[in-house]
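**Q** Provided below are the primary sequence and the corresponding predicted coordinates.
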Amino acid sequence: MMNPKFLLALGAVFLVAACGEKPQTVAVKPGQSAAKPDDKPYQNDQFKGDRAAWERTLRARADNQNEYKRVN
């Protein structure tokens, strides 16, 4: 059986540990979003900001996944 003093000390450790939580808030000015703005999907090394090339790649990918176009 466990020692009652040990259980009391263990309980005190858990109570003290619960007091150590830090606030998880972000300081934001009123009227501004705290979120980082998203990048455009074509702003990367592959497309280098060329939206037309990105759209062509998406269309080609969709065509390759289209069973009607692949079979005929």
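**A** Received, thanks.

**Q** how about residue 53: what's its closest non-neighbour residue?
**A** residue 47 (5.2 Å; Cβ to Cβ, 6 or more residues apart in numbering). Where C-beta positions appear, they are placed from N, C-alpha and C, glycine not excepted.

**Q** now do residue 57
**A** Per Cβ to Cβ, 6+ apart, closest to residue 57 is residue 47, 7.7 Å.

**Q** next one: that neighbour from residue 56, what distance?
**A** 10 Å (Cβ to Cβ, to the nearest Å).

**Q** burial of residue 39, as a residue count?
**A** Neighbourhood size, residue 39 [other Cβ atoms under 10 Å]: 8.

**Q** tell me the secondary structure for it?
**A** Following DSSP: H, G, I helix; E, B strand; the rest coil, we place residue 39 in the coil state.

**Q** could you check how far it is from residue 21?
**A** 33 Å.

**Q** same question for residue 29.
**A** 25 Å.

**Q** if anything else comes up later, I'll come back, but that's it for now.
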